[in-house]
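Colleague: let's see this in three dimensions:
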Amino acid sequence: MTTSPTTQIRDGAPGRLGDPARSLATDPRVDPRVVAALAPFGAAEPASPPPVGPSSSRAELLEFAEGMESGTEAMFDALMTGLPEVEGVETETLTITATAGHTIELYVTRPVGVSHLLPCVFHLHGGGMVIASAANSAHDRWRRELAATGLVVVGVEFRNGAGRLGPHPFPAGLDDCADGLRWVASRTAELGISHIVVAGESGGANLALALTIRAKREGFLAEISGVHAQCPHIHGKWGEDSPALPSLVENDGYFMNRAALAALAEVYDPGFANADDATCWPARATAEDLADLPPHVISVNELDPLRDEGIAYHRALLAAGVQSRAWLNLGLCHTGETLFRATMPDVYAATIASISRFAHLLR
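Modeller: Here you go, the predicted model:
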């Protein structure tokens, strides 16, 4: 890792910029409930460096990603265990045919007994575009809680860069998201939908932002009324220091580390062949890419290595004349507002309410 003036260790600086030994468990900024939630998994201590890197063989990288998927989804299951059922919603699974001929599952969750049109949140799950599934317990819970606020929520089982559906690097997952969006948009009356907000967290936020840029390029931007991106995972160059992104060093190892991110980026975009394509890495979006996009909300977390890339994207949207609202969740690690339903119900509920309010305000 290179060192720049921005990332040199200095007394009094936050996080690991001030003390390289600092962790979530010892950082004075952390909400103690984050530590309580992660401690049973050993995840409040510094994340260990991965056994692979961008120069590892493809087979080694895919094996690493598969292990990460298994461990992550087991943690999700544990975090969701014992929660009360979400009442008043129902889910159906729809299977559509993609442009390329394979099938894509859409999980459609809605309030029971509502006959009038509702806003739709088209949800793209996190996992660095490489791991996890829309069907897992955390993402299913998230859609149900959103739907209970008066929304139709559509989750997309897109192809990841690795994991149970097989290795499908960029642009496979984005292709599936585009096909799913266009299918839903063509059937709004049938599905009881008034308009569509594209939303996601982490890698899902990457896909939400990338899908919107792609929609502009390909002429279907009118199908997206707004975009809600949480903890966007959009930089790609996590193996390098950036003076403009001090959070990469400040919060490295807090629940996630840059070395693992760099390895997963190689799985998603082998050889970084699409390094300058904003639909792969939205941090590379130009003013022309962003101009005339619909309203955005960008949410970032204080103790997330990815915090500053989300802030930078928000500022780029504003500079391009796009309506964008952003906020910083103090004391939270990466995607903490979506994971800790049991230990931080107020934070979880506030995030659900914010997304719902944004969707209901748009037309």
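Colleague: tally of neighbours for I355?
Modeller: Neighbour count for I355, taken as other CB atoms under 10 Å: 24. Yep, even glycine has a C-beta here, placed from its N, CA and C like the rest.
Colleague: tell me the contacts of it?
Modeller: Contact analysis of I355 by CB atoms under 8 Å, 6 or more residues apart in numbering lists 121, 146, 197, 199, 228, 297.
Colleague: can you show me the helices along the chain?
Modeller: Taking DSSP state H as the criterion, the chain carries its helices at 15-18, 32-38, 58-80, 137-147, 172-185, 188-191, 203-218, 247-250, 258-268, 287-290, 307-319, 336-339, 345-361.
Colleague: make TSV from the contacts of I355 and add distance to P345, pLDDT and neighbour count to it.
Modeller: As requested, these are exported to TSV (distance: CB to CB, whole Å; pLDDT from 0 to 100; neighbours: other CB atoms under 10 Å):
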residue	distance to P345	pLDDT	neighbour count
V121	20	98	27
L146	15	98	25
V197	24	98	27
A199	20	98	25
H228	20	98	24
V297	21	98	21
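Colleague: now distance to V52 too, for those residues, in CSV please.
Modeller: Below are the contacts of I355 laid out as CSV (distance: CB to CB, whole Å):
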residue, distance to V52
V121, 35
L146, 35
V197, 36
A199, 31
H228, 32
V297, 34
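Colleague: from those, pick the one nearest A260.
Modeller: For the contacts of I355, the closest approach to A260 (CB to CB) belongs to A199, at 24.5 Å.
Colleague: not counting residues beside it along the chain, what's closest to the closest one?
Modeller: Spatially, and ignoring its direct neighbours in sequence, A199 is nearest to H228 (4.0 Å; CB to CB, 6 or more residues apart in numbering).
Colleague: ditto for A215
Modeller: Leaving aside its sequence neighbours, A215 sits nearest to L221 (CB to CB, 6+ apart; 4.4 Å).
Colleague: pLDDT score for the residue lying closest to G127 once chain neighbours are set aside?
Modeller: Excluding the flanking residues, the one nearest G127 by CB to CB, 6+ apart is G203, at 5.1 Å. Model confidence at G203, given as pLDDT, is 98.
Colleague: okay, now G203: neighbour count?
Modeller: Counted by other CB under 10 Å, the residues lying close to G203 total 26.
Colleague: what do you get for the one 10 residues further on?
Modeller: I213: 21 surrounding residues under other CB under 10 Å.
Colleague: wait, doesn't A210 sit right on C280?
Modeller: Yes - A210 lies in contact with C280 (CB atoms under 8 Å); the separation is 6.9 Å.
Colleague: not counting sequence-adjacent ones, nearest residue to H116?
Modeller: Of all residues not flanking H116 in the chain, G192 sits nearest, at 7.7 Å (CB to CB, 6+ apart).
Colleague: residue contacts, that neighbour?
Modeller: With contact set as CB under 8 Å, 6+ apart, G192 has these partners: 110, 114-118, 152.
Colleague: min pLDDT across those residues, which one?
Modeller: Within the contacts of G192, pLDDT reaches its minimum at S115, with 91.
Colleague: how long is stretch 251-264 from one end to the other?
Modeller: One end of stretch 251-264 sits 18 Å from the other (CA to CA, to the nearest Å).
Colleague: residues making contact with it?
Modeller: By CB under 8 Å, 6+ apart, the surrounding residues in contact with stretch 251-264 are 1, 15-16, 23-24, 27, 38, 43, 46-50, 52-54, 56, 61, 64-65, 68, 128, 130-131, 161, 233, 238-239, 248, 303-305, 307, 333-334, 336.
Colleague: among the contacts of I355, which pair sits farthest apart?
Modeller: Most distant of the contacts of I355, by CB to CB, are L146 and V297, 14.0 Å apart.
Colleague: what is the burial count for L191?
Modeller: If you count neighbours by other CB under 10 Å, L191 ends up with 20.
Colleague: typo on my end, H360
Modeller: A count of nearby residues for H360, using other CB under 10 Å, gives 16.
Colleague: ok, now G82?
Modeller: For G82, the tally of surrounding residues (other CB under 10 Å) stands at 7.
Colleague: do H125 as well
Modeller: Residues near H125, counting by other CB under 10 Å, number 28.
Colleague: for it, give its distance to Y107.
Modeller: Note on H125: its distance to Y107, by CB to CB, to the nearest Å, is 10 Å.
Colleague: wait, doesn't V322 sit right on A291?
Modeller: Yes - here V322 reaches A291: they are 7.4 Å apart, a contact under CB under 8 Å.
Colleague: so for the two, which residue has more residues nearby?
Modeller: Neighbour totals were compared for V322 and A291, and V322 leads with 19 against 13 (other CB under 10 Å).
Colleague: now for that one: which residues touch it?
Modeller: 290-296.
Colleague: buried members of these into PyMOL, please.
Modeller: Buried residues within those, by 16 or more other CB atoms under 10 Å, are selected in PyMOL with:
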select buried, resi 290+293+294+295+296
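Colleague: most widely separated two among the contacts of V322?
Modeller: Largest separation among the contacts of V322 by CB to CB: A291 and P295, giving 13.7 Å.
Colleague: still on that earlier bit, does the residue nearest to A199 have beta-bridge partners, and which?
Modeller: H228 has these beta-bridge partners by DSSP bridges: A199, V297.
Colleague: for E92, the count of nearby residues, please.
Modeller: Neighbour count for E92, taken as other CB under 10 Å: 9.
Colleague: if it is in a bridge, with which residues?
Modeller: Beta-bridge pairing for E92 (DSSP bridges): V108.
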